[in-house]
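K.L.:
the sequence and its predicted three-dimensional model are supplied below.
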Amino acid sequence: MQYIGHTAVGVVLLTGVIGCGAPAEESGAGGGDPMTEDPVTEAPVDPTAIRPFEIAVSDAVLEDLQARLANTRLPDQLEGVGWDYGTELGYLTELITYWRDGFDWREQERQLNQFDQFKTVLDGLDTHFIHQRSAEPNAIPLIITHGWPGSIAEFTKIIGPLTDPVAHGGSAEDAFHVVAPSMPGYGFSDKPRERGFGPEQIAEVGAQLMARLGYDRYGIQGGDWGSIVSRWHAFNHPEQAVGLHINMLIAGPPRGVDDPTEGVPPEELERSQARSSFYNTAEAGYSSIQGTKPQTVGYALNDSPAGQAAWIVEKFRAWCDCDGDVESVFTRDELLTNIMIYWVTQTATSSARLYYESRNASTSRPMGRVEVPTGVAVFPYELFISPRKWAEASYNVTHWTEMPRGGHFAAMEQPELLVDDLRAFFRPLRSGN
């Protein structure tokens, strides 16, 4: 099996640039879409073309953000409650001040633009993706998918080690061509315009993308929503999947058995119950809101950068392995870069809709057992941790790693551990494919 078929982008004439939409008062009711596609030409976009893309937020959007930050109206907070009621007032005040006075978006933009980015129309949606090719001749393609409240910014620490392992202490035989799309409704990709665009539909966009790039066999990886999307991708396209790697595997008790706990080590069952209890008791409120009334919360998040920051940073703190100190794991620049992607693309509402669609969208068929070889990276502070026996009932688990540390945002929190696990999992799958 040869991993070839890269679509040449040199012949593409159009360059997609993220521009700045006019302020709401200039662009009409609703404020318009902040994305100005292909501003250098009025020629129609070839829907099959793969167009180079560069992030270039306009000065007007940044000036509008500055004004909103300067005029933030903060709520009160009870004394001595810390983060118990949600994002802590003192921390958010400091974060907003830094966002306004110290954060350099242009530098973050420059760093993101070091990666090769493109757009192409898939299922009627202009889809943004990083496509970082490796120079190694035996590299295999790997599509990696983010979740909420993440973005392609999560992957900036792992793309280099995956595509150029020799430069990062690895072996040339472990190289990947990395494809990292912004999911529809997220980041620099189009927002779905009709109801029913759920995880399976996003998986189909990913499959179409890999086909358009000329990849007929490839690896699939994901966490958070990316794990669910990746499961659908592997389930519906097993012939294309070399292997499936997940860093948030969700698997319930097997059906049709008298005692689903039989054979499950007590410590695994206790851990699974503890993580589920933590999520359901303290963390599931956002999911209920976004899963039932995403439009309502979207008005607030789309209008207030402080609100958008509070909504996202609380999850980064609660879901990572940081003992309550989020900046011991992530820098402020990292946190704000991810938040900025939601802000400048106005995707707070469209991204939240995925929770609604996952509850209500139809699927082409019931989800069954994934027979593709599956690797699981178990980070101890992940939201959900299924017992291995339950996982094996739903997936063809061939690789299982208990990580010593880390939480939900594996690629940002523990990039070395994730990269090492990806290399180890795919190593025996490369030969003979």
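P.N.:
That came in fine, so what should we check first?
K.L.:
flag the shaky bits of this structure, pLDDT-wise.
P.N.:
1-43, 432-433 (pLDDT under 70).
K.L.:
all strands for it, in order.
P.N.:
Counting by DSSP state E, the chain forms strands over residues 16-17, 51-54, 117-122, 125-132, 140-145, 176-181, 218-222, 241-246, 370-378, 395-402, given from the N-terminal end onward.
K.L.:
ok, and the closest non-adjacent residue to P253?
P.N.:
In space, P253 comes closest to P260 once its chain neighbours are excluded; the distance is 3.4 Å by CB to CB, 6 or more residues apart in numbering. C-beta: built from backbone N, CA, C; applies to glycine.
K.L.:
contacting residues for the one you found?
P.N.:
P253, P254, W390 (CB atoms under 8 Å, 6 or more residues apart in numbering).
K.L.:
how far away is it from R100?
P.N.:
With the distance defined as CB to CB, to the nearest Å, P260 ends up 52 Å from R100.
K.L.:
then T261?
P.N.:
T261 sits 52 Å away from R100 when distances are taken as CB to CB.
K.L.:
what's near enough to touch I385?
P.N.:
The contact partners of I385, taken as CB under 8 Å, 6+ apart, are R271, S272, R275, V378.
K.L.:
let's see which of these end up in helices.
P.N.:
Residues of the contacts of I385 located in helices (DSSP state H): R271, S272, R275.
K.L.:
tell me the one of the residues you listed nearest P373?
P.N.:
Within the set of the ones in helices among the contacts of I385, S272 lies nearest P373; the separation is 23.0 Å, counting by CB to CB.
K.L.:
ends of stretch 216-231, what's the gap?
P.N.:
Using CA to CA, to the nearest Å, the end-to-end distance of stretch 216-231 comes out at 18 Å.
K.L.:
domains of this protein?
P.N.:
With automatic domain parsing serving as the domain definition, the record reports that the chain contains domains spanning 66-100+287-358, 108-278+367-430.
K.L.:
can you say which of the ones you listed is packed in most?
P.N.:
domain 108-278+367-430 (a mean of 20; mean count of other CB atoms under 10 Å).
K.L.:
any chance of a markdown table for the domains of the chain, columns distance to D46?
P.N.:
Formatted as a markdown table, the domains of the chain follow (distance: least, CB to CB, whole Å):
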| stretch | distance to D46 |
| --- | --- |
| domain 66-100+287-358 | 23 |
| domain 108-278+367-430 | 8 |
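K.L.:
residue contacts, N396?
P.N.:
Contacts of N396 were listed using CB under 8 Å, 6+ apart, and they are R369, V370, E371, V372, P373, T374.
K.L.:
would CSV of the ones in helices among the contacts of I385 with distance to S364 be doable?
P.N.:
Compiled in CSV, these are given as follows (distance: CB to CB, whole Å):
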residue, distance to S364
R271, 34
S272, 29
R275, 31
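K.L.:
out of those, who's nearest T93?
P.N.:
Ranked by distance to T93 (CB to CB), the ones in helices among the contacts of I385 are led by R275 at 31.4 Å.
K.L.:
can you pull the contacts of the closest one?
P.N.:
For R275, counting by CB under 8 Å, 6+ apart, the contacting residues are E382, L383, F384, I385.
K.L.:
so how far is L354 from it?
P.N.:
Taken as CB to CB, the spacing of R275 relative to L354 amounts to 22 Å.
K.L.:
likewise L429?
P.N.:
Counting by CB to CB, the gap between L429 and L354 amounts to 30 Å.
K.L.:
what do you get for T347?
P.N.:
The span separating T347 from L354 equals 10 Å under the rule CB to CB.
K.L.:
overlap in contacts of those two?
P.N.:
Once CB under 8 Å, 6+ apart is applied, the residues that T347 and L354 both contact turn out to be G185.
K.L.:
need the max-distance pair from the contacts of R275.
P.N.:
Using CB to CB, the two most remote members of the contacts of R275 are L383 and I385, lying 8.2 Å apart.
K.L.:
before we move on, back to that, the domains of the chain: which one's closest to P44?
P.N.:
The closest of the domains of the chain to P44 is domain 108-278+367-430. By CB to CB, the value is 11.1 Å.
K.L.:
from one end of the closest one to the other, what's the distance?
P.N.:
First residue to last in domain 108-278+367-430 (CA to CA) measures 35 Å.
K.L.:
having no further points to raise, I will conclude here.
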